[in-house]
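Novice: I need the structure of the sequence given here:
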Amino acid sequence: MAMKPQAILLLPLLILSSIISSHAGGIAIYWGQNGNEGTLEQTCATGKYSYVNIAFLYKFGNGQTPEINLAGHCNPATGGCTIVSNGIKSCQKRGIKVFLSLGGGVGSYTLASQADARNVADYLWNNFLGGKSSSRPLGDAILDGIDFDIEQGSTLHWEDLARFLSAYSKNGKKVYLAAAPQCPFPDSNLGTALNTGLFDYVWVQFYNNPPCQYSSGNTANIINSWNRWTASINAGKIFLGLPAAPEAAGSGYIPPDVLTSRILPEIKKSAKYGGIMLWSKYYDDKNGYSSSVLRSV
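Specialist: The predicted model follows:
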């Protein structure tokens, strides 16, 4: 059957559209460390975010009883955080992936051995992923994966934890792995783990690290660091991690116009570009950062 002239004209436009959309990115956000940032359900209802990291499981490993801290949102000690289950399901219905973030800047976490890593993986599977436990802190919702925000403690056995968690993907539902390394390359805590090639999303923290972040109009350091990360890490997608407001970090804030005009056009040249990550929902609410850059991401 001969194609109509209009259809022939439409083909190049459709091809161009698919190319553009293939380089479109999403925004990952951290939620859970300020009770004034709205609920998880409200966070996903904004339509701004593609990924949400629930922060943090701040205590685990080395025989410790794991503990989650969601600041002013709920009290896990009394089972109060099971209400978050509804928010997780609401986000997932919108196509948003939801992760539990391990670690953070303040906490008590470490992996003492390979066996310890297996125990932590089992705990995560049974309490937050597809397994079963009577003590699921966030209720019966099944999270999409685990985020490694490892900023302290021992540097050992994180690759073992990644392998054990990834192995659960064989049970019918993929366990996605994400990581939030610092921008100095390689990351001192997660370098070995990232080399496993198991991580689907890597949101590099390009802040609080002057040698590899934006500073006073200088975009060279952050772009050079980005290029090194994307050339060196075997990961699904890599994201530019940023503070959502000047007060969200000690340094590294990028004004939205600088990000959209000078940095995003450069980093989007990488086939590994996945979008940006923002710390955090609370600061994004205060500053409106995601709203300012969403169309350019």
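Novice: when you work out contacts or count neighbours from here on, use the C-alpha atoms and nothing else.
Specialist: Noted.
Novice: spatially nearest residue to residue 208 (excluding sequence neighbours)?
Specialist: In space, and not counting its chain neighbours, residue 208 is closest to residue 251: 5.0 Å by CA to CA, 6 or more residues apart in numbering.
Novice: ok, and that neighbour, which helix or strand is that part of?
Specialist: Here residue 251 sits in a region with no helix or strand, counting by DSSP states H and E.
Novice: next, it: phi, psi?
Specialist: Per-residue torsions, residue 251: phi -160, psi 160 (degrees, to the nearest 10).
Novice: so how far is the strand or helix carrying residue 257 off the chain centroid?
Specialist: In this assignment (DSSP H and E), residue 257 forms part of helix 256-258. Chain-centre distance of helix 256-258: 22 Å, with CA atoms, centre = their mean, to the nearest Å.
Novice: ok, then the element right after that helix?
Specialist: Next in line after helix 256-258, if elements are assigned by DSSP H and E, sits helix 264-267.
Novice: I'd like the average pLDDT over that following helix.
Specialist: Taken as a whole, helix 264-267 has an average pLDDT of 98.
Novice: tell me the mean pLDDT over the helix or strand that it is followed by?
Specialist: Later in the chain than helix 264-267, the nearest helix or strand by DSSP H and E is strand 273-279. Averaging pLDDT along strand 273-279 gives 98.
Novice: longest strand anywhere in this protein?
Specialist: Looking across the chain with DSSP state E, the single longest strand is strand 51-60.
Novice: direction included, what does that one pair up with?
Specialist: Applying DSSP bridges, strand 51-60 is found paired with strand 26-31 (parallel), strand 67-68 (antiparallel), strand 97-104 (parallel), strand 108-109 (parallel).
Novice: which residues sit against the last one?
Specialist: Contact partners of strand 108-109, identified using CA atoms under 8 Å, 6 or more residues apart in numbering, comprise 58, 59, 60, 61, 62, 103, 152, 153.
Novice: and if you look at stretch 64-77?
Specialist: 32-36, 39, 54-60, 80-82, 137.
Novice: from the residues you listed, list the buried ones, please.
Specialist: 32-34, 39, 54-60, 81-82, 137 (16 or more other CA atoms under 10 Å).
Novice: can you find the helix or strand of the protein with the lowest average pLDDT?
Specialist: One helix or strand of the chain scores below all others by mean pLDDT, DSSP states H and E: helix 5-22, with a mean of 43.
Novice: pLDDT weak spots in the stretch 151-297 of the chain?
Specialist: Applying pLDDT under 70 to the stretch 151-297 of the chain picks out residues 171.
Novice: ranges for the strands of it?
Specialist: 176-179, 201-205, 237-243, 273-279 (DSSP state E, counting those that start in this stretch).
Novice: turn those strands into JSON lines, including distance to residue 166.
Specialist: Formatted as JSON lines, these follow (distance: least, CA to CA, whole Å):
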{"stretch": "strand 176-179", "distance to residue 166": "8"}
{"stretch": "strand 201-205", "distance to residue 166": "13"}
{"stretch": "strand 237-243", "distance to residue 166": "17"}
{"stretch": "strand 273-279", "distance to residue 166": "21"}
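Novice: quick one: closest of those to residue 47.
Specialist: strand 273-279 (14.8 Å; CA to CA).
Novice: in the closest one, what's buried?
Specialist: Here strand 273-279 shows 273, 274, 275, 276, 277, 278, 279 as buried, counting by 16+ other CA under 10 Å.
Novice: what stretches of the stretch 1-150 of the chain score poorly on pLDDT?
Specialist: Ranges of the stretch 1-150 of the chain meeting pLDDT under 70: 1-23.
Novice: without its sequence neighbours, what residue ends up closest to residue 247?
Specialist: Residue 247 sits nearest to residue 283 (CA to CA, 6+ apart), 7.9 Å away.
Novice: what about that neighbour, neighbour count?
Specialist: By the criterion of other CA atoms under 10 Å, residue 283 has 19 neighbours.
Novice: that one against residue 242, yeah?
Specialist: No: assessed by CA atoms under 8 Å, residue 283 is found out of contact with residue 242, at 11.2 Å.
Novice: ok, back up a step: just checking, the residue nearest to residue 208 touches residue 211?
Specialist: No: with contact defined as CA under 8 Å, residue 251 does not count as touching residue 211 (11.1 Å).
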